[in-house]
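Trainee: Sequence and predicted structure below; questions after.
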Amino acid sequence: MATTPAARRSRSRSDDGPPPLPEPDAAREWLATMLLIRRFEERAGELYAKAKIGGFLHLAIGEEATIVGAARALRDSDYLISTYRSHGHAIARGTPPDKVMAELFGKEGGCSRGRGGSMHMFDLERRFMGGYGIVGGNLPIAAGFGLTADLLRTEDATLCMFGDGASNQGTFGETMNLAALWRLPVVFMVSNNQFGMGTALARHSAVTDLQRKGESFGVPGARCDGMDVADTHRTIVDALHRARDERQPVLVEAVTYRFRGHSMADPEEYRTREQVAEWRRRDPIALFSARLEETGVLDADGVAKLDAEAVARVDEAVAFADASPFPAPESLYDDVYALGDQVRGWYSVDERSPGVHRGEDERERDVDPRMQEEYDQHASGPHSGQEQRPADEAQDADAGPGGRTHDGERGG
Amino acid sequence: MAVLRYRDALNQALREELTRDERVFLMGEDIGVFNGAYKVTAGLLEEFGEARVRDTPISENTIVGMGVGAAMTGTRPVVELMTINFSLLAMDQIVNHAAHIRYMFGGQVTVPLVVRMPQGAGHQLGPTHSHSLEALYLHVPGLLVAVPSTPADAKGLLKSAIRDDNPVIFIEHEYLYGQRGDVPDPDDGDHLVPFGKAAVRREGDDVTLVGISRMALTASRAAEVLAEEHDISAEVIDPRTLRPLDLDTILASVRKTNRCVIVEEGWPHGGVGANLAALIQEQAFDDLDAPVGRVTGADVPMPYSKPLEQIAFPHEPQVVAAALATLRDV
């Protein structure tokens, strides 16, 4: 089967041998985290089919090396900002899977208290700065983090992750220019998974050598194999050094692939089963496991054990999410504003009562019975297992670390 | 008390807040070396330096987005957009990011960002440079909106805005920049105007006039005409902030006068007046002796030609006529 040009490009690297492995404990941790993300994403897909998760769900299955390789290059005090496909980014930064799953379920115990959902995870304490639904919307914000580092004279670097599609958004050029002009400590990492939703790279970008797209704005590029967690890691380490110590922003292109559709609602008519199967032969988890086995860091049993732990951890997360309550109806207006005592007046019109609109000071504490009925209907439905999405939206489980490749991927 | 122009009162506010809090900084096009397109930031680069007074490239959406990111991580940016017309380029960062980040991330973070910009027509700048868009920003939960009409309020509200932890859309007015007014002396203490507190510019009994931004001045002049030529006593209210809105002061006035006219420069459909009229009739229906009137900008793109432009936004005669109409309907 023909490999794609991108697959061929991504495999070749300079002649200095395979990327170095971290210490064994770290290597095991990297694999464990990739497994956790994989099992989490698979389970999220299953639960979406059972209508326990609503809205849009974008899974990062296949892209785990870009997430873990990049996250493990960061200091705790560095900022990580990502896109709408960011469950794995939160998990890699240390957000408990419990809180990520609860957020997907729309529960109060979610990291965003159920307000954000899949696309808007956030964990300030761990400097996972979101979770954004607007393609390209996170780039200026990332530059803003760099600006803070500049103003407050900190050593904090920022890693801004986005996809190949975002490299065409207006904010890309504007942000590259400003980051270069003001010498901001930001690494811009484009996870090139070959598609902007359903549009292949060559059909959406006049320049497909994405690492070069920042050059004309003053941002030099680099490329790494996004299916190789060690290669991704060392490339991001280098880039962070340049950004932090030389105040030179860098654009890193990580060549990767998502094994599932853009989102759960994607019939994947834009690519062939053969192409997907070809990329699955470079499953980042399988590749890294194999390397660890070859180098004696882990044996097959060790890998299976890590996998079982990942599954168990996801089970715990689902249990937590199930048990977490939905946000109370009275909390609908919480945190629209940061209210101190320096301001007064009508902030929000409270329209929950059927009567006259009232300001928030006069908000009814008891919710109107008709609204309560509406609330209760949705608060009980799918979480008692009653609803089911149509079967053809469910997707098959992916390969586990034992190398079991699944060729039955839906191709269209 | 000193007499200052509106633009100089704003300059004072920025200077005082930059001095008071080292986390405050400014970004905008031509605010530094050029001293500001409208001279609001004159002299600030010289005094505070390049790190805190930053001239930006022409990239409105990204400048605002950088303000969002900087605000999320411990600084207090004040972004100048050269006019409100160009804020349309930054709508994604203003609405989807600045306004929503606190809520959608479960209250974990604040965005203490101020976006300040002038608006308004009257200088023949044509359709793309003459908008009054306060209604667009009033519409969005998560934003605060200020529309000061006097130098004292401009200074006091800008200082409050910078100290507020919410994202503030701070709308100035090109016509107002040169207007003079009394401003409390800095030696007499920090002059802060709270959000959510309207100003009663003139007391009266017969009809309430609510004027938005520059139209507060127009409403005041209309009240003089009503008094002198028609023996009608109009009460003039300047809300000063649209979010939070001091609806209580407006309602108290309407309960007294039983009539209300709202004057705004923006377009009528979905304008500030449309929203305020709805609130007034919801809350004080039984106190009204006439429908709430609106005097608004014409529902057209702002034309360039001088006489056309002048009839496309409100002047005193239209406000007087609208006030008289509420009395005629009794």
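Mentor: Nice, thanks for sending it over.
Trainee: continuing past the helix or strand harbouring A:L178, what's the next helix or strand?
Mentor: A:L178 belongs to helix A:170-181 when assigned by DSSP states H and E. Along the chain past helix A:170-181, the next helix or strand (assigned with DSSP H and E) turns out to be strand A:186-192.
Trainee: Show me the longest helix that occurs in chain B.
Mentor: Longest helix in chain B, counting residues (DSSP state H): helix B:214-230.
Trainee: The residue in the stretch 201-350 of chain A that chain B sits nearest to: how many residues sit nearby?
Mentor: Residue nearest to chain B within the stretch 201-350 of chain A: A:G345 (2.2 Å; Cβ to the nearest Cβ). (Each C-beta comes from the backbone N, C-alpha and C, glycine too.) With neighbours defined by other Cβ atoms under 10 Å in any protein chain shown, the count for A:G345 comes to 24.
Trainee: For the one helix or strand B:A9 maps to, what is the distance to the chain centroid?
Mentor: Element membership for B:A9 (DSSP H and E) is helix B:6-20. Relative to its chain's centre, helix B:6-20 lies at 17 Å (Cα atoms, centre = their mean, to the nearest Å).
Trainee: Enumerate the residues of the stretch 51-200 of chain A near chain B.
Mentor: A:79, A:110-116, A:120, A:122-124, A:129-134, A:137, A:139-148, A:150-152, A:170-171, A:174-175, A:177-178, A:181-182 (Cβ under 8 Å from any Cβ of the partner chain).
Trainee: and the helix or strand immediately after the longest helix of chain B in the chain, does that touch chain A?
Mentor: Using DSSP H and E, the helix or strand that follows helix B:214-230 in sequence is strand B:234-238. No: Strand B:234-238 is not in contact with chain A by Cβ under 8 Å from any Cβ; minimum separation 13.2 Å.
Trainee: With stretch B:118-134 instead?
Mentor: No: legend: contact between stretch B:118-134 and chain A by Cβ under 8 Å from any Cβ is lacking; minimum distance shown is 15.7 Å.
Trainee: circling back: from the residues of the stretch 51-200 of chain A next to chain B, which ones fall inside helices?
Mentor: A:139-148, A:150-152, A:170-171, A:174-175, A:177-178, A:181.
Trainee: Low-confidence bits of chain A, can you list those?
Mentor: Where chain A drops to pLDDT under 70, the residues are A:1-15, A:341-344, A:350-368, A:381-412.
Trainee: mind listing the strands for chain B?
Mentor: B:2-5, B:24-28, B:53-55, B:76-80, B:114-119, B:144-146, B:168-173, B:180-183, B:199-202, B:207-211, B:234-238, B:241-243, B:260-263, B:293-295 (DSSP state E).
Trainee: and those as a markdown table, adding mean neighbour count and mean pLDDT?
Mentor: Converted to a markdown table, the strands of chain B look like this (neighbours: other Cβ atoms under 10 Å in any protein chain shown; pLDDT from 0 to 100):
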| stretch | mean neighbour count | mean pLDDT |
| --- | --- | --- |
| strand B:2-5 | 15 | 97 |
| strand B:24-28 | 24 | 98 |
| strand B:53-55 | 21 | 98 |
| strand B:76-80 | 27 | 98 |
| strand B:114-119 | 26 | 98 |
| strand B:144-146 | 26 | 98 |
| strand B:168-173 | 27 | 98 |
| strand B:180-183 | 17 | 98 |
| strand B:199-202 | 17 | 98 |
| strand B:207-211 | 30 | 98 |
| strand B:234-238 | 26 | 98 |
| strand B:241-243 | 27 | 96 |
| strand B:260-263 | 29 | 98 |
| strand B:293-295 | 23 | 97 |
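Trainee: Can you lay out the ones you listed as a markdown table showing distance to A:A265?
Mentor: Formatted as a markdown table, those follow (distance: least, Cβ to Cβ, whole Å):
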| stretch | distance to A:A265 |
| --- | --- |
| strand B:2-5 | 57 |
| strand B:24-28 | 39 |
| strand B:53-55 | 42 |
| strand B:76-80 | 37 |
| strand B:114-119 | 35 |
| strand B:144-146 | 37 |
| strand B:168-173 | 35 |
| strand B:180-183 | 57 |
| strand B:199-202 | 52 |
| strand B:207-211 | 47 |
| strand B:234-238 | 50 |
| strand B:241-243 | 36 |
| strand B:260-263 | 45 |
| strand B:293-295 | 44 |
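Trainee: quick one, what contacts the closest residue to A:H262 other than its chain neighbours?
Mentor: Distances taken as Cβ to Cβ, 6 or more residues apart in numbering or on different chains put A:M197 closest to A:H262, at 4.6 Å, once the chain neighbours are dropped. Contacts of A:M197 were listed using Cβ atoms under 8 Å, 6 or more residues apart in numbering or on different chains, and they are A:G165, A:H262, A:D266.
Trainee: Of those residues, which is the nearest to B:A198?
Mentor: Taking Cβ to Cβ as the measure, B:A198 lies nearest A:G165 of the contacts of A:M197, at 46.7 Å.
Trainee: which residues does A:L251 contact?
Mentor: A:M176, A:F188, A:M189, A:V190, A:L210, A:Q211, A:K213, A:G214, A:V219, A:P220, A:G221, A:A222.
Trainee: Might one say that the fourth one is in contact with A:F162?
Mentor: Yes: under the criterion of Cβ atoms under 8 Å, A:V190 makes contact with A:F162 at 6.0 Å.
Trainee: now the strands for the stretch 251-400 of chain A?
Mentor: A:349-350, A:358-359 (DSSP state E, counting those that start in this stretch).
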